[in-house]
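3D, please:
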Amino acid sequence: MSIPLSDQDKSTLRTAAYGAVSLMAAATGSPRKAATKATTKATIALTSATGLVGHVLAANAEDIELQGKTVAELADQVLPALTAAMNLLGGQAPAEAGNFRGTILLAIEAAQARPDQAGTTTAAMARKITAALDAAALDAAGAAAAGGGAAPAAASGHDRPELQQAIEEIVDSGFLGVSLRVHDERGAWAGSAGVAELGGAAKPPVNGHVRIGSNTKTFTATLVLQLVAEGKIGLDIPAADYLPEFGLDRRVTVRMLLQHTSGLFDFLGEVYDDGTFAPGITIPYGPAGREWVDNRFKTYRPQELVELALSRPARFEPGTGWSYSNTNYVLARLLIEKVTGRSLAEEMQWRILGPLGLSGTVVPDASPEIPEPHAHAYYRYEDAGEQKTIDVTRQNISWSSTGGDMISTTQDLHTFISALLGGKLLPAELLAEMCTPHPTGIPNMDYGLGVFVVTTDGGGTVISHNGGTVGHAALMCGTPGGSRTLTAALNCVDDADLSIAAAFRYAQQRLLNEVFGGGQADPAQPAD
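Modelled structure (predicted):
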């Protein structure tokens, strides 16, 4: 074993691990038979752990004492035990701390009788358990760095002053707050700057939830490519073969949807080369901003968005150009649902979120809610000649749909992009297809299948897909192989004129330069 553990230490680890399973089982409220089966699966997940953690969790667990009878009483015992266990491992054996965290996340997933139908209470408890696991990350990492060890999760902000300075400069450029996470050869670092809400003094949470906008496209493209790997979808098959009900041009292939080479009209509206604008649905940008405020809880269905887009002229013949269109990814969603017979949210949970332990990532569909903790998003508009600013943290993001509706955290985005680029989610040949650049006409910025391929000033390559939506934005970048990643969450006061766009481009450029040695900003607008 890599570190010596007393009997009390081992008891702490077992209490935390098996307590987390008991807590999830209590929170699900499943029928007795289903709950027993789920708890058995979760226990198997714990006992299958490897390394030091595996030795401890596989041993006799009679020393576990959980006195609580209600969910609240159990939580009062288990959540502090989870943090204590991470503290115990983090300072001396960072790899084991990561192993423990991953094992617990797999176990609590298994503890749900029907993970694809998890209720609000279950989801909230999963987030609390994850938060308890992560609560020790900064302190444990700081202790490891002070002792010369590798940081398990995020090093103290004082260790990377250049990163802290970068996010403070981004706040000065026009954002309310920024949270940044970097994983590179120097270890891992996380920090924040600015404020979480107008009029407040508290910084944004380092691992708070944020509406990630067009990063949703990378998750969706990954899911499509997994189905390609299974032979259920063909990249160069006409999309109309899977979705005949829309009367799609048969020249439009699945590849063209993921690559933005279909030419299909963007249901959010199109800005043409001569500067003219063709409106789509009511969105918060442009002349209909005030109308969007009044209708920000309206529900749009994916079929409705596609039908509107198909009622407008295409920008170009399929495969003859490149144009960023959210319509492509709503069609990708419908394609996934048609082929699998399940909702996008269910498939995402089963194929990506569950296996990676991304408990902070949500596919909201039409729900306006965003989990705690989070920084607030704002929108400024004119009403009868008067400027008003409102909190739009809660909004029905179905107007963006799979073009940009997901919610995540910087930790989850790091885990996802690192796993994706590290070859853990796709076969090598399909990952290569995903990252093969197609010209966009933007200098040093090409597009693959659901990712931008950036050439840095130093000639390096960065794979990214950034975006945001009305007061929230997120950045997600990584090098091929996933060894170096940058993820960030930003909050701001947005408006109909997209006044924050210049600051958004500056933020991307500033961070790319700092972490990857230079690069061009992702052109995807914060509205995506």
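
which residues in the stretch 201-350 of the chain form helices?
Ranges of helices within the stretch 201-350 of the chain are 215-229, 254-259, 289-294, 302-310, 326-340, 344-348, based on DSSP state H, counting those that start in this stretch.

okay, these in a markdown table with distance to residue 193 next?
(C-beta placed from N, C-alpha, C; glycine too.) Putting the helices of the stretch 201-350 of the chain into a markdown table (distance: least, C-beta to C-beta, whole Å) gives the following:
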| stretch | distance to residue 193 |
| --- | --- |
| helix 215-229 | 21 |
| helix 254-259 | 35 |
| helix 289-294 | 28 |
| helix 302-310 | 36 |
| helix 326-340 | 31 |
| helix 344-348 | 31 |
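
of all these, which lies closest to residue 82?
For the helices of the stretch 201-350 of the chain, the distance to residue 82 is smallest for helix 344-348, at 25.5 Å, taking C-beta to C-beta.

sorry, back to before: okay, the helices of the stretch 201-350 of the chain in a markdown table with mean pLDDT, mean neighbour count and distance to residue 424 next?
Formatted as a markdown table, the helices of the stretch 201-350 of the chain follow (pLDDT from 0 to 100; neighbours: other C-beta atoms under 10 Å; distance: least, C-beta to C-beta, whole Å):
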| stretch | mean pLDDT | mean neighbour count | distance to residue 424 |
| --- | --- | --- | --- |
| helix 215-229 | 98 | 24 | 11 |
| helix 254-259 | 98 | 24 | 20 |
| helix 289-294 | 90 | 16 | 39 |
| helix 302-310 | 97 | 19 | 29 |
| helix 326-340 | 98 | 23 | 20 |
| helix 344-348 | 96 | 21 | 16 |
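
between those, which one is nearest to residue 74?
Closest approach to residue 74 among the helices of the stretch 201-350 of the chain (C-beta to C-beta): helix 344-348, 27.9 Å.

flag every buried residue along the next helix or strand after the closest one.
Later in the chain than helix 344-348, the nearest helix or strand by DSSP states H and E is helix 354-356. Going by neighbour count (16 or more other C-beta atoms under 10 Å), the buried part of helix 354-356 is 354, 356.

ok, now stretch 241-251?
For stretch 241-251, a neighbour-count test (16+ other C-beta under 10 Å) marks 242-243, 248-249 as buried.

so of these, which ones are in strands?
Using DSSP state E, no member of the buried residues of stretch 241-251 sits in strands.

isn't residue 322 right next to residue 262, touching?
No - the criterion here is C-beta atoms under 8 Å, and residue 322 misses it with residue 262 at 9.8 Å.

higher neighbour count, the two?
Counted by other C-beta atoms under 10 Å, residue 322 and residue 262 do not tie: residue 262 has more neighbours, with 30 against 21.

tell me the mean pLDDT over stretch 424-438?
Confidence for stretch 424-438, expressed as mean pLDDT, is 96.

meant to ask about stretch 99-116
Per-residue pLDDT values across stretch 99-116 average out to 74.

repeat that for stretch 52-64.
The average pLDDT within stretch 52-64 is 74.

so where's the protein uncertain?
Along the chain, the parts satisfying pLDDT under 70 run over 1-3, 29-38, 60-63, 65, 67-69, 91-92, 94-95, 113-120, 135-158, 518-528.

the residue nearest to the spatial centre of it and residue 103, how far apart?
In the chain, the residue lying closest to the centroid (C-alpha atoms, centre = their mean) is residue 408, at 3.6 Å. Distance of residue 408 to residue 103, computed by C-beta to C-beta, to the nearest Å: 22 Å.

I'd guessed the residue nearest to the centre of the chain sits against residue 364; true?
No - assessed by C-beta under 8 Å, residue 408 is found out of contact with residue 364, at 10.9 Å.

OK, contacts around residue 295?
residue 282 (C-beta atoms under 8 Å, 6 or more residues apart in numbering).

now it: how far from residue 106?
Residue 295 sits 41 Å away from residue 106, taking C-beta to C-beta as the criterion.

likewise for residue 272?
Plainly put, residue 272 is 49 Å away from residue 106 if you go by C-beta to C-beta.

same deal with residue 286?
45 Å.

give me the three-state assignment for residue 480.
Following DSSP: H, G, I helix; E, B strand; the rest coil, residue 480 is assigned to coil.

dump the residue contacts of it.
So residue 480 contacts 421, 435, 461, 463 (C-beta under 8 Å, 6+ apart).

from those, which land in helices?
Among the contacts of residue 480, the ones falling in helices (DSSP state H) are residue 421.

give me the number of residues near residue 211?
Residue 211: 31 neighbours (other C-beta under 10 Å).

the nearest residue to it once chain neighbours are set aside bridge partners, please.
Of all residues not flanking residue 211 in the chain, residue 472 sits nearest, at 4.0 Å (C-beta to C-beta, 6 or more residues apart in numbering). Note on residue 472: beta-bridge partners residue 469, residue 491, judged by DSSP bridges.

my guess is residue 472 contacts residue 208. True?
No - at 10.2 Å, residue 472 does not count as touching residue 208 under the criterion of C-beta under 8 Å.
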